[in-house]
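Engineer: What follows is a predicted protein model with its sequence.
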Amino acid sequence: MYLCCKLMLFVHAFILLNCHIQGQETKDTQEDVKIEVVYVPSECEQKSRRGDLVNAHYDGFLAHNMSKFFCSRSEKDGHPKWFVVGVGQVIKGLDIALLDMCRGEKRKVVIPPSLAYGEKGYDNIPPNSTLIFEIELLGISRGPRSIEAFLQIDLDNDKQLSKDEISHYLSEEFRKDGKKRDPSVHGLILKDIFEKNDHDGNGFISTREYNVYKHDEL
C-alpha cells in the first residue's frame with residue numbers, strides 16, 4: 001500500500017508540479033502562517049522539509065466561528081493523509097505549516113486567506129476565510145522531489161536526469177508495487193514527465209528543472 005502511494009505521489013509530483021489546488025490564491029503576499037507548537041516528542045531524529053513524503057492527520061476549522069470543514073480522521077476511511085510537502089497538493093499555508101516538524105509533533109496553525117483559498121473560497125469555505133488547522137505529523141520519508149530521490153534516479157551522477165534514468169526508476173517502482181499495468185502506461189508517464197519538466201527541450205531534466213526547492217546540496 002505504501003509503495004503504491006509513494007509511486008502515485010512520485011508521478012503526481014512530476015506531472016502536477018505547476019498545478020495548484022482549485023481556488024488557491026497564487027499571488028505573493030507578506031502575510032504569515034501563525035504556528036503554535038502544541039507537542040514535541042522528546043526525541044526528534046528527522047524534521048520535515050520541502051519535497052518530503054509525509055503522513056499526517058489534520059482537522060480544519062473556519063476561524064470566524066470555529067466550525068469544522070474537514071477532519072482526516074472521519075473523511076472517507078479515516079486514514080491519515082499521504083502527500084508531498086511543497087508541490088501544491090495542499091494549500092500553500094499547510095505546506096508552510098508542515099515544515100520543520102518532528103515525527104509525532106502536533107501544531108495548531110492559523111492560515112490567512114491569501115495562503116488558503118483567497119477571494120474565491122472553495123466548496124464550503126467562504127471567500128476571504130482565515131483557516132485554523134490542528135495537525136499531527138505521523139510519518140516522514142524522503143519524497144520524489146528530495147535530494148535523495150534525485151541522486152537515486154541520477155545513475156551516472158551527471159546532475160541531470162535522462163529518459164533512460166527516469167524510465168529505469170519507474171520500472172523499479174512498478175516492479176516493487178507489483179500491480180499489473182498496460183505496457184503503454186510506462187511510456188505515457190515518461191512522456192508526460194518530460195513534457196511538463198524538460199523546459200528547455202534538451203532531453204534531460206536538470207537540477208533546476210527538477211529541484212523546485214533549490215536545495216544547496218545540488
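Structural biologist: In hand now; what should we look at?

Engineer: how much space is there between the residue nearest the centre of the chain and residue 160?
Structural biologist: Against the mean C-alpha coordinate of the chain, by CA atoms, centre = their mean, the closest residue is residue 84 at 2.2 Å. In this view, residue 84 and residue 160 are 21 Å apart by CB to CB, to the nearest Å. Where you see a C-beta, it was placed from the backbone N, CA and C, and this is true even at glycine.

Engineer: now residue 71
Structural biologist: In terms of CB to CB, residue 71 sits 43 Å off from residue 160.

Engineer: Settle it for me: which of these two has more neighbours?
Structural biologist: Shown here are residue 71 and residue 160; by other CB atoms under 10 Å, residue 160 has more neighbours (18 against 14).

Engineer: what's near enough to touch the more buried one?
Structural biologist: Each residue near residue 160 by CB atoms under 8 Å, 6 or more residues apart in numbering is listed here: 154, 204-207.

Engineer: before we move on, what about residue 59?
Structural biologist: Residues in contact with residue 59 (CB under 8 Å, 6+ apart) are 68, 70-73, 133-134.

Engineer: quick one: it from residue 66, how far?
Structural biologist: In terms of CB to CB, residue 59 sits 11 Å off from residue 66.

Engineer: after the worst-scoring helix or strand of the chain on mean pLDDT comes which helix or strand?
Structural biologist: Counting by mean pLDDT, DSSP states H and E, the chain has its least confident helix or strand at helix 2-15, which shows a mean of 53. Next along the chain after helix 2-15, taking DSSP states H and E as the criterion, comes strand 34-39.

Engineer: mind listing what the helix or strand just after that next one pairs with, with the direction of each?
Structural biologist: Next along the chain after strand 34-39, taking DSSP H and E as the criterion, comes strand 53-62. Note on strand 53-62: by DSSP bridges, its sheet partners are strand 68-71 (antiparallel), strand 81-84 (antiparallel), strand 131-141 (antiparallel).

Engineer: hey, least reliable of these by pLDDT?
Structural biologist: Mean pLDDT is lowest for strand 81-84 among the strands paired with strand 53-62, at a mean of 84.

Engineer: Break the protein into its domains for me.
Structural biologist: 21-141, 147-210 (automatic domain parsing).

Engineer: Name the helix or strand for the residue sitting furthest away from the middle of the chain, please.
Structural biologist: Going by CA atoms, centre = their mean, the residue of the chain most distant from its centre is residue 65, 28.9 Å out. For residue 65, there is no helix or strand it lies in under DSSP H and E.

Engineer: okay, how far is it across stretch 108-123, tip to tip?
Structural biologist: Separation of the first and last residues of stretch 108-123 by CA to CA, to the nearest Å is 23 Å.

Engineer: If you count neighbours, what's buried in it?
Structural biologist: By 16 or more other CB atoms under 10 Å, the buried positions in stretch 108-123 come out as 108-118, 122.

Engineer: so of those, which ones are in strands?
Structural biologist: 108-111 (DSSP state E).

Engineer: Name the nearest of those residues relative to residue 55.
Structural biologist: Using CB to CB, residue 109 is the member of these that sits closest to residue 55, with 17.5 Å.

Engineer: Chain neighbours aside, what residue packs nearest to that closest one?
Structural biologist: Closest residue in space to residue 109, ignoring its immediate chain neighbours: residue 97 at 4.1 Å, by CB to CB, 6 or more residues apart in numbering.
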